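Engineer: okay, here's the prediction I keep looking at, along with the sequence it came from:
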Amino acid sequence: MDAQGRGRADNIDPADQWVLNPDTGEYELRLSASTAQSSVPGPRRSSGRTGGGNEGPARSRAAEPGRQSPSSSPEKAATDADLPGPRRRRGAPLEEPANRRGRRPVKKKSRAKKILVWTGGTMAFVVVATAGAAYLYLEHLNDNITSVSDDGASTGGFSKDKAINLLVIGTDKRTGSGNEGYGDSGSVGHADTTILLHVSKDRTNATALSIPRDLIVNVPDCQTEQPDGSTKVIKGTDGVRFNTSLGQDGRTPSCTVRTVTELTGIQADNFMVADFNAVKTLTSAVGGVEVCLGKDINDRDSHLKLSKGTHLIEGEQALAFVRTRHSVGFGGDLSRIQIQQQFLSALMRKLKSNDTLSSPSKMIKLAEAGTKALAVDSQLDSINKLKDLGMELGKLDIKNLTFTTVPVVDNPAEKVKATVVLDNASAPAVFQLIRDDVSFTAVKQQAAASKDAAAKAAAARLKGAQSAASEVRVQVMNGGAPPGSAQETLNWLQNDKGVTKSENAGNAPAPLAKTTLEYAPDQAAQARKLAAVMGLPGTALKPGRSVENAQGLPTMTLTLGKDFKGAGVSLTGATKVPDTVQKSTADKVQCAK
């Protein structure tokens, strides 16, 4: 179709529907006199128009017989409220619209608006060009990403409608420029700094749980993908330092994921691995991170030399800060964990600041640094997936981001204290709070909000009078607990808790996921006592009927389910953070001492 015949349906030329708005300096698409059109920027200008002419409907082309030019037809002068009607057929009489208001003279376009029009056209070109450049840049970022197989150790990737568990592993591998001088240059890259980041389902809070590298754990067998594509099962070891879950014997990050799952009962959705270069490049990308020291530090091992007070650090100095330990706290790894948490809190504050978010150059530097310095699991192997994860993490308010550490005590098996073991008095509660998606910053509020009618009814079963331990009559059955659990529990009840009227009833007819205590209404006081002794939640109590024991007497039935963790280990869900647990939030500035 030639230029003259283009769009001649109903004698309306599409070119005539683009109208320059003199108040904005931009073109608008106006399709009908009866319907107001939203402003649609368009690069098209009517042919033959000069910058200083009156601005009316864009109809001026070469004059044709039977057509009046806009300049010679006063009826064509548009007001701000009037919209141009459909194009008049050639030779048709002009019709004056009913109730037409008085015409006002149209202002001439100012120089500033002329510039705006040209700028608008230029910007339209820039947007199109940038779209292509953005695609190429995203491809470039994709090429930066290094991915590692998760070997089936993770959940398969985070979900936008569920809580997120992200395992961040910092290795002590001395790869990269300038890192060989830090000692232990031959390190295979152990799990030197490991943080399990749990982000709540509703994205209102998060917990960053540091796992000490010297914690004694059991590293399970680990299937790993080899460089040639084959798979190899690396034998696990018991009673070893946590940091050997990576690098040792060829273990990959998926082995660390499996170790964390066995330790905490929490399976990571995804993982990231950072080396020394990540600290240096990320801090430089944001223009430095502000940290605080409560005293002068001169650490020859980490090469950190800073005076007391506040400092803006980046690059090598930032790396020295997170590596220092001999000059802070007690001089050990636990003290280093605290200074690392203070550093990460400062980094989070910088990342969330307007100074960073409003700077395109810093955001580009961050994208470059992050994609180059971090290795991710095979479920996060594209910039779009990382962007989606970043969008979810970005919803978090840092005042509800809590940093804490796995509760530990000195290893009692050592004369010279070098390693630590779990503090069984508080560590299980910390793990359960995270598994149950309970905030460390708003525990009471969240616990109160989560109570529904069923939860209230369960709690009510625990309230009331309790029988004496010697009056509790119960049979114990194994319904999915480890073999021997029924006898172990029976011995504990009789010898340690005075529940002498108890017996082992063998295996249950079917396995249960949760431990239950079934009792008749007249045995409620006995049930409450046994629940208090064993640490059973109200949901474990099942009002029903009693059975007869070996003596023909009515007895309750305690069935140990798959959740049973051993005699004397409470099954009641944690509702608050133990007072002994150290924690801090990312919004507060702390000074390392």
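Structural biologist: Arrived safely, thanks for sending.
Engineer: could you list the low-confidence segments of the protein?
Structural biologist: 1-138, 174-187, 331, 442-454, 573-576 (pLDDT under 70).
Engineer: if you skip the residues just before and after it, what's nearest to residue 218?
Structural biologist: Nearest non-adjacent residue to residue 218, counting by CB to CB, 6 or more residues apart in numbering: residue 238, 4.4 Å away. The way it works is simple: take the backbone N, C-alpha and C, and place the C-beta from them, glycine included.
Engineer: and what of residue 396?
Structural biologist: residue 206 (5.4 Å).
Engineer: re the thing from before, so the residue nearest to residue 218 is in which element?
Structural biologist: strand 237-241 (DSSP states H and E).
Engineer: now that strand: buried residues?
Structural biologist: For strand 237-241, a neighbour-count test (16 or more other CB atoms under 10 Å) marks 240, 241 as buried.
Engineer: also stretch 203-210?
Structural biologist: 203, 205, 206, 207, 208, 209, 210.
Engineer: closest one of those residues to residue 388?
Structural biologist: residue 203 (13.1 Å; CB to CB).
Engineer: now stretch 460-480 - C-alpha only, PDB.
Structural biologist: Output in PDB follows, covering the C-alpha atoms of stretch 460-480 (Å, rounded to 0.1, in the frame of the first residue of the first chain):
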ATOM      1  CA  ALA A 460      -7.200 -25.900  77.400                       C
ATOM      2  CA  ARG A 461      -6.600 -29.600  77.800                       C
ATOM      3  CA  LEU A 462      -3.400 -28.900  79.700                       C
ATOM      4  CA  LYS A 463      -5.200 -26.600  82.200                       C
ATOM      5  CA  GLY A 464      -6.600 -28.100  85.400                       C
ATOM      6  CA  ALA A 465      -5.700 -30.400  88.300                       C
ATOM      7  CA  GLN A 466      -2.900 -33.000  87.900                       C
ATOM      8  CA  SER A 467      -2.600 -36.400  89.500                       C
ATOM      9  CA  ALA A 468       0.400 -37.400  91.500                       C
ATOM     10  CA  ALA A 469       3.000 -39.300  89.400                       C
ATOM     11  CA  SER A 470       2.400 -42.400  91.400                       C
ATOM     12  CA  GLU A 471      -1.200 -42.400  90.300                       C
ATOM     13  CA  VAL A 472      -0.600 -42.200  86.600                       C
ATOM     14  CA  ARG A 473      -1.400 -45.500  84.900                       C
ATOM     15  CA  VAL A 474      -0.200 -45.700  81.300                       C
ATOM     16  CA  GLN A 475       0.900 -48.200  78.600                       C
ATOM     17  CA  VAL A 476       3.700 -47.200  76.200                       C
ATOM     18  CA  MET A 477       3.600 -48.200  72.600                       C
ATOM     19  CA  ASN A 478       6.100 -47.600  69.700                       C
ATOM     20  CA  GLY A 479       4.300 -46.000  66.800                       C
ATOM     21  CA  GLY A 480       7.200 -45.000  64.500                       C
END
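Engineer: run a quick neighbour tally on residue 577.
Structural biologist: When neighbours are defined as other CB atoms under 10 Å, residue 577 has 20 of them.
Engineer: tell me the spatial nearest neighbour of it, not counting adjacent residues.
Structural biologist: Nearest one to residue 577, counting by CB to CB, 6+ apart, is residue 440 at 5.4 Å.
Engineer: wasn't that neighbour part of a strand?
Structural biologist: No. Under DSSP: H, G, I helix; E, B strand; the rest coil, residue 440 sits outside any strand and is assigned coil.
Engineer: so who does it touch?
Structural biologist: Residue 440 makes contacts with 205, 207, 402, 404, 433, 577, 583, as judged by CB atoms under 8 Å, 6 or more residues apart in numbering.
Engineer: try residue 252
Structural biologist: 148, 149, 151, 222, 224, 225, 246.
Engineer: which among the residues you listed gets closest to residue 473?
Structural biologist: Nearest member of these to residue 473, counting by CB to CB, is residue 222, at 47.2 Å.
Engineer: CSV for the buried residues of stretch 203-210, including distance to residue 158 and secondary structure?
Structural biologist: As requested, those are arranged in CSV below (distance: CB to CB, whole Å; DSSP: H, G, I helix; E, B strand; the rest coil):
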residue, distance to residue 158, secondary structure
203, 12, coil
205, 16, coil
206, 13, strand
207, 16, strand
208, 16, strand
209, 17, strand
210, 21, strand
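Engineer: before we move on, the earlier item: next step: the contacts of residue 252 restricted to helices.
Structural biologist: When DSSP state H is applied, the contacts of residue 252 are split such that none fall in helices.
Engineer: what's the neighbour count on the closest residue to residue 146 other than its chain neighbours?
Structural biologist: Among residues not flanking residue 146 along the chain, residue 375 sits closest, at 4.4 Å (CB to CB, 6+ apart). For residue 375, the count of nearby residues is 18 (other CB under 10 Å).
Engineer: moving C-terminal of whatever helix or strand residue 375 lives in, what's the next helix or strand?
Structural biologist: Counting by DSSP H and E, the element that carries residue 375 is strand 374-377. Downstream of strand 374-377, the first helix or strand assigned by DSSP H and E is helix 383-393.
Engineer: which stretches in the stretch 151-300 of the chain count as strands?
Structural biologist: For the stretch 151-300 of the chain, strands defined by DSSP state E, counting those that start in this stretch occupy the ranges 164-171, 191-199, 206-211, 216-219, 222-225, 231-234, 237-241, 270-274, 289-293, 297-299.
Engineer: buried sites along the fourth one?
Structural biologist: Spelled out, that is strand 216-219. Of the residues in strand 216-219, 216, 217, 219 count as buried by neighbour count, 16+ other CB under 10 Å.
Engineer: OK, contacts around the last one?
Structural biologist: Residues in contact with residue 219, defined by CB under 8 Å, 6+ apart, are 236, 237, 238, 240, 244, 245, 251, 255, 258, 259.
Engineer: before we move on, what about the first one?
Structural biologist: Taking CB under 8 Å, 6+ apart as the definition of contact, the neighbours of residue 216 are 239, 240, 241, 242, 411, 419, 420, 421.
Engineer: and what of residue 382?
Structural biologist: Counted by CB under 8 Å, 6+ apart, residue 382 has contacts 142, 145.
Engineer: give me the phi and psi for it.
Structural biologist: Dihedral pair for residue 382: phi -140, psi 160, per degrees, to the nearest 10.
Engineer: neighbours of residue 500, just the number please.
Structural biologist: Other residues lying near residue 500 total 13 when counted by other CB under 10 Å.
Engineer: now it. Nearest residue, chain neighbours left out?
Structural biologist: Once chain neighbours are set aside, the closest to residue 500 by CB to CB, 6+ apart is residue 494, at 5.5 Å.
Engineer: how about the one you found, secondary structure?
Structural biologist: Assigned state for residue 494: helix (three-state reduction, three-state DSSP).
Engineer: then residue 526?
Structural biologist: Residue 526 - assigned by three-state DSSP - is helix.
Engineer: could you report the separation of the residue nearest to residue 577 from residue 212?
Structural biologist: The gap separating residue 440 from residue 212 is 18 Å, by CB to CB, to the nearest Å.
Engineer: nearest to residue 320, out of the strands of the stretch 151-300 of the chain?
Structural biologist: Nearest of the strands of the stretch 151-300 of the chain (CB to CB): strand 297-299, 7.4 Å.
Engineer: give the closest residue to the most centrally placed residue in the chain in space, chain neighbours not counted.
Structural biologist: Nearest to the mean C-alpha position of the chain, by CA atoms, centre = their mean, lies residue 393 at 3.6 Å. Once flanking residues are discounted, residue 393 sits nearest to residue 199: 6.5 Å by CB to CB, 6+ apart.
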